[in-house]
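Student: using only what follows, build the 3D model:
(chains A, B, C and D)
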Protein chains: 2
Amino acid sequence: MQIGELSERAGVSHRTIHYYERLGLIKPAEREGAGYRYYDASAQKRLEKIAALKRLGLSLDEIAAVLDLYFEDASGIKGKEKVLGILEAQLAKANAQLDELTTFKHDLETNITRMHALIAQARRK
Amino acid sequence: MQIGELSERAGVSHRTIHYYERLGLIKPAEREGAGYRYYDASAQKRLEKIAALKRLGLSLDEIAAVLDLYFEDASGIKGKEKVLGILEAQLAKANAQLDELTTFKHDLETNITRMHALIAQARRK
DNA sequence: CTTAAATCTACACCCAACGTCAGGTTTAGA
DNA sequence: TCTAAACCTGACGTTGGGTGTAGATTTAAG
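Tutor: Next up is the predicted model:
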């Protein structure tokens, strides 16, 4: 699969793929001959995972720090504690975010109800 | 309260407050004499609400669209349906985000367990 | 063999959300 | 009255996350 097809399938532009490659988020399976990038199906999963983590509010740097956990074993014993620290920090963030999001959702529902009432009232007049 | 104290209390810089003012997110209670901004306590709440919405991933534009719901009645009957639409869209987003976040949290916990096991195993060797 | 479509690199540019800097004004306290 | 601290505006710089464009090369199809 070339970059055009990958781009299509994953729903990101080829420029974005180039950009992610520069940041170390993805690599083509190989670049034979004159430099065309060739990808396998795992590249698509990787891009989709990146998108999902972005939706959670992680920066590309943070994504780079944990992305490999989804695809390979953590490399080397040296970095494992560091990775663990990152994971735990993100878990704490995720929990805080869950709380805020739940509150926010409740507020939204309250306001939606209020809006419905106001609209109905305006119509009756 | 002047901008310095507000900035301190709300944990944002005074330039950020200026910036938010240009975007229509906050206004000083008054600007007498030569233009110093004076705020009351509600300004702090407003800034804190902005920060909370930012943590949920809303842009400043999106925040501007809903912020007043937290502080005053929706102004005018005309825009209520529009506001309702915005709220419902954000509720849908919030629900999707909740799902993803829950999955993410579970993944994190799995990976943390795995990391602990790997570290323990490396130590035993 | 030719040619259009896809790809390459490199540089420039874009937007959001601020921060920095410079130069001028204002206010509060000694 | 004077001076330091706080404030003002406006212009420019920065960072993150990309997008656009140009000019060259490569590949695939006829």
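Student: near chain B at all, stretch A:58-70?
Tutor: Yes - applying C-beta under 8 Å from any C-beta of the partner chain, one finds stretch A:58-70 touching chain B at A:66, A:69-70. Where C-beta positions appear, they are placed from N, C-alpha and C, glycine not excepted.
Student: per-residue confidence at the residue of chain A at minimum distance from DNA strand C?
Tutor: Distances between chain A and DNA strand C by C-beta to the nearest atom of the strand are smallest at A:Gly4, namely 2.4 Å. Listed pLDDT for A:Gly4 reads 96.
Student: cool, and A:Ala65?
Tutor: The predicted structure scores A:Ala65 at 87 on the pLDDT scale.
Student: now swap in A:Gly79 and tell me
Tutor: With respect to pLDDT, A:Gly79 has a value of 67.
Student: ok, residues contacting stretch A:11-26?
Tutor: A:3-4, A:6-7, A:10, A:27-28, A:43, A:46-47, A:50-51, A:60, A:63-64, A:67 (C-beta atoms under 8 Å, 6 or more residues apart in numbering or on different chains).
Student: could you list the contact residues of chain A toward chain B?
Tutor: Residues of chain A lying near chain B (C-beta under 8 Å from any C-beta): A:52-53, A:55-57, A:66, A:69-70, A:74, A:77, A:80-81, A:83-84, A:87-88, A:90-91, A:94-95, A:97-98, A:100-102, A:104-105, A:107-109, A:111-112, A:115-116, A:118-119, A:122.
Student: and if we set it to 6 Å?
Tutor: Neighbours of chain B within chain A, by C-beta under 6 Å from any C-beta of the partner chain: A:55-57, A:69, A:77, A:80, A:84, A:87, A:90-91, A:94, A:98, A:100-101, A:104-105, A:108, A:111-112, A:115, A:118-119, A:122.
Student: please check those residues and keep the buried ones.
Tutor: Among the residues of chain A next to chain B, the ones that count as buried by 16 or more other C-beta atoms under 10 Å in any protein chain shown are A:56-57, A:69, A:80, A:84, A:87, A:90-91, A:94, A:98, A:101, A:104-105, A:108, A:111-112, A:115, A:118-119.
Student: list, out of these, those positioned next to DNA strand C.
Tutor: When C-beta under 7 Å from any atom of the strand is applied, no member of those is adjacent to DNA strand C.
Student: among those residues, which ones are in strands?
Tutor: Residues of these located in strands (DSSP state E): none.
Student: got a list of what A:Ser42 touches?
Tutor: Neighbour list for A:Ser42: empty [criterion: C-beta atoms under 6 Å, 6 or more residues apart in numbering or on different chains].
Student: look up how far A:Tyr19 lies from it.
Tutor: Using C-beta to C-beta, to the nearest Å, we find A:Ser42 at a distance of 19 Å from A:Tyr19.
Student: could you find the closest non-adjacent residue to the residue minimising distance to the centre of chain A?
Tutor: With distances taken as C-alpha atoms, centre = their mean, the residue of chain A nearest its centroid is A:Leu53 (2.2 Å). The shortest distance from A:Leu53 to any non-neighbouring residue, by C-beta to C-beta, 6 or more residues apart in numbering or on different chains, is to A:Ile63 (4.8 Å).
Student: which element is that neighbour on?
Tutor: Following DSSP states H and E, one finds A:Ile63 within helix A:60-67.
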